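[1] sequence and predicted structure below; questions after.
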Amino acid sequence: MIKTLAELKAGEEAHLKDFTKNPALHFKLLSLGVLPGDLIKVLSCAPFGGPIAFKHGEATTFAMRKKEAKEIIVQINAQEERAP
Amino acid sequence: MDKMPVQDSTPITAEASLKHLPLIGLPNAGKSTLFNLLTGGSRKVSNYSGITVEASRGELLTNSNDSSILYELIDLPGIYNLTPTSYDEGVTVATLLELEPQYNFEKVIILLDWHRIAPSLGMALGVLKRVGNKAIIIINKDDDQEVTIEDRKKLQDILGVPVLPITALDADLQTIDHFIRTEKPYSKKDLGAESLPITPLSASYLPSSLTGHNQLKIIPGKKGEEAVANEINCNLEESHRILDGLQTKNFKRSGLSEKIDKIVLHPLLGGLIFFAIFYLIFNAIYSWAGPIMGLTEQVVLMTGDWIGSYLPQGVFKSLIVDALFSGVGGVVIFLPQIMILFFLLSLLEQSGYISRAAFISDRVMSFFGLGGKAFLPYMSGYACAIPGIMAARTIPSQKERLATIMTLPLITCSARLPVYILLIGTFVPSYTVFKIFNTQALSFFFLYFLGSFMALIIAKILRLSAFKGGPSNFLIDLPQYERPSIRAALKQSWQKGRNFLKKAGTIILALSILIWLLSTFPKVSQEKIQGLTDQQSASIQLEHSALGQLGHFIEPVIEPIGMNWKIGVGLLVSFGARELFVSAMGTLYALGEVDEESEGLRAKLIAEVDPDTGKKVFDLATAWSILFFFVFSLQCTSTLAILKKETGGWRIPLITFTYMLVLAYGSSFIVYRLLS
Ligand SMILES: Nc1nc2c(ncn2[C@@H]2O[C@H](COP(=O)(O)OP(=O)(O)OP(=O)(O)O)[C@@H](O)[C@H]2O)c(=O)[nH]1
Ligand SMILES: [Mg+2]
């Protein structure tokens, strides 16, 4: 299933599909070591539409705003959907 | 109060024997930690990205043993890749491409962060393509010696450069020093030629003289973005391929970090924890330091009395007792607060919490038109506005950066501490509310809050008018939590304490003597004080002095905000440095008195009576009026200087100074009217 990153809830995981829409964001994510196809997990959402924290791989945690997360397309695999 | 180490900007004439070694690495990789270790320097180190914002040089400690070649290490701001996205990253890229003419590079040290090895190596691959024939690699944060000997060899073979895994927190200086001095790239491959694709936006963060450099290829439009993305992408994929071929599994973050984040980043709990932490810090400064401060004050007073009793009556005694002990001594007693503030800030910085605080407060910050990157400069501002203003270099958008810089002096810096504590401790009655909160500590916290809140409001106004625009994007890494080292915190606290004493012993001392001179001379003629009591003649003498006359001259201006001429003089001199308010009050009140038994400044302030009205000069209204003035006004010449340096002109510092003065005077006026 295709969603935007902003639609995920805390604890959910998804594979990144496309994050090239916003160049600045694109470069920054690449710089943090995030590649298309990578698995990314939502750690927490700050209240009132504040930023969202993500975990990528075993060693990286980062945060971005909801507005930016909306520009990122992710794919949730069928079996991951069943086991949140 | 503490200044950034001033950069020696005179270019070094390339002496044959002095070689420069730049340190390149991801933000938060530990470059400054390594720099301090190898050079004995004291660059600021913190567990969040974007601490170092300018280049700094330091000679290797071992230069004195082996003087054949002198090496100088260059600590640089961290970069994620060779495409700068802000001014601080621009400094590093420009330096690396040898675009800065003052350096004589022999080698380039690439510092990888084992905790983030994939992006580190990706960045390194990009650097190797340009300066591979000069590079050596150090892998930092290998705390548990996870990198095996085989893997190290393998990396060396693939990359063609020597590799050394270390942990800068507990490193053998000899090994690192030897590695840096003797190892060279193996130059099996022909590295170091490729040109660097860069977008026009990124080029704007580089010095304009460099855009014609032959290694830079500025590509406009979509093509440029693609070229840059492609470059970073390739390096990162390559990095993954290399790492997959190693035996060692990549670093795994401890589960504890994630558990802590579950609580600290929690939508509701997170905000509570945020406030609790900051309240605890300011409360601790206020209440822990109280008893120590009382003791230091007693010691200073008693020493002053004791020395005074050996000196003959006259001008010299007055200089020692009134300028030195009552003036400078009055400032020095705030040493414990300064040291506790920096001790606690250091613990917080080391822990990794600061980036989480930026996360929690982003919703509020972005409402006021500032991005998450503005939080960190603001945070530095609680120590001192100067490093905070410099840290704003990490903000990509120029308008947002200016809005941050112009509001940063409103954040309560450590120089305001003495004034706050003196006045709150003397005039705010102390009792407990809601069982746990002390009114004095609450007032103290309120002043911190007030400054920060006003900074945000002004930022919003600026972002709606002169520097129109929305908050820039917010993407920060949240580093792994680390157990803060008490030793490092003590060191930081000691260092700042020493700087404070140094300032008291130099600038404050010199200006205090000047204040004493101006408030002692000219002397009144003998006839005027004939037949008066000692007390009366002392006060007539004071009013007759140069400062006294000046004070009376400005009295009409400060009277509406509830101040008498002595406080007015204190305010005036505090524009040189905020602490001078305390020392000037100390001197003025000591001169106006002739008591044998000298008491603390606090007691004198409470006791003073207006000779005309017979009422107490200082009441709660006056005290709060002074406090509000100090919250809002820009009384710091160093801040004005750094504002000029960072914005390239007098316009921004002048505007900032003026709006803050208007705020200060206006709010003092209102507060005084409301309370009296
Ligand atoms: N676990 C671990 N932490 C380290 C090591 N070396 C440094 N650190 C920590 O890493 C954090 C960042 O250190 P800095 O020296 O400020 O990093 P920097 O590379 O100068 O960062 P910027 O100036 O922001 O580019 C600090 O909290 C250090 O205590 C190490 O070997 N192991
Ligand atoms: Mg640094």
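    That came in fine, so what should we check first? Ligands and ions are numbered 1, 2, ... in the order given.
[2] how about low-confidence regions in the chain?
    Using chain A here. A:46-47, A:78-84 (pLDDT under 70).
[3] I was thinking of chain B, sorry if that wasn't clear
    Across chain B (using pLDDT under 70), the flagged ranges come out as B:1-17, B:66-67, B:99-102, B:187-193, B:211, B:593-599.
[4] at the contact with ligand 2, which residues of it appear?
    Within chain B, the positions lying close to ligand 2 (C-beta under 5 Å from the ion) are B:31-32, B:51-52. Just so you know, the C-beta spots here come from the backbone N, C-alpha and C atoms, and that holds for glycine as well.
[5] show me which pair in the residues you listed is furthest apart.
    B:31 and B:51 (9.3 Å; C-beta to C-beta).
[6] which one of those two is surrounded by more residues?
    residue B:31 (31 against 24; other C-beta atoms under 10 Å in any protein chain shown).
[7] show me what secondary structure element comes after the lengthiest helix in chain B.
    Secondary structure of chain B per DSSP state H: the longest helix is helix B:269-310. Remark: after helix B:269-310, the chain's next helix or strand is helix B:315-318, criterion DSSP states H and E.
[8] what about the helices in chain A?
    Per DSSP H, chain A carries helices over the ranges A:23-31, A:66-69, A:78-82.
[9] does chain B sit close to the first one?
    Yes - looking at helix A:23-31 against chain B by C-beta under 8 Å from any C-beta of the partner chain, the contacts come from A:23-31.
[10] and the longest helix of chain B, what does it pack onto?
    helix B:255-264, helix B:329-332, helix B:335-351, helix B:353-367, helix B:417-427, strand B:437-438, helix B:439-464 (3 or more C-beta pairs under 8 Å, 6 or more residues apart in numbering or on different chains; DSSP states H and E).
[11] packed most tightly, which of these would that be?
    Ranked by mean neighbour count, the helices and strands packed on helix B:269-310 are led by helix B:329-332 with a mean of 25 (mean count of other C-beta atoms under 10 Å in any protein chain shown).
[12] against which helices or strands is it packed?
    Packed next to helix B:329-332, using 3+ C-beta pairs under 8 Å, 6+ apart, are helix B:269-310, helix B:580-591.
[13] pick the most buried one from those helices.
    Burial of the helices and strands packed on helix B:329-332 is given as mean neighbour count (mean count of other C-beta under 10 Å); helix B:580-591 ranks first at a mean of 28.
[14] only C-alpha atoms, please: export the helix or strand following that helix in CSV.
    Going down the chain from helix B:580-591, the next helix or strand is helix B:601-607, by DSSP H and E. Output of helix B:601-607 as CSV, limited to C-alpha atoms (Å, rounded to 0.1, in the frame of the first residue of the first chain):
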residue,chain,number,x,y,z
LEU,B,601,25.4,45.8,49.5
ARG,B,602,22.1,44.1,50.0
ALA,B,603,21.7,45.5,53.5
LYS,B,604,22.6,49.0,52.3
LEU,B,605,20.1,48.8,49.4
ILE,B,606,17.3,47.9,51.7
ALA,B,607,18.2,50.6,54.2
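[15] what's in contact with helix B:601-607?
    B:326, B:330, B:422, B:425-427, B:582, B:585-586, B:589-590, B:593, B:616, B:618 (C-beta atoms under 8 Å, 6 or more residues apart in numbering or on different chains).
[16] for that helix, list every residue counted as buried.
    Burial within helix B:601-607, assessed by neighbour count using 16 or more other C-beta atoms under 10 Å in any protein chain shown, is assigned to B:601-602, B:604-605.
[17] max pairwise distance over those residues: which two?
    Spatial extent of the buried residues of helix B:601-607 (C-beta to C-beta) is set by the pair B:602 and B:604 at 7.3 Å.
[18] now the closest residue to ligand 1 within chain A: how far from residue B:228?
    Scanning chain A for the residue nearest ligand 1 gives residue A:59, at 12.2 Å (criterion: C-beta to the nearest ligand atom). Distance, residue A:59 to residue B:228, by C-beta to C-beta, to the nearest Å: 25 Å.
[19] more neighbours, those two?
    Neighbours were counted for residue A:59 and for residue B:228 using other C-beta under 10 Å; residue B:228 has more, 24 against 20.
[20] what about residue 69, how many residues nearby?
    I'll assume chain A. 22.
[21] other chain: chain B
    13.
[22] that one touches residue B:181, doesn't it?
    Yes - using C-beta atoms under 8 Å, residue B:69 makes contact with residue B:181 at a distance of 7.5 Å.
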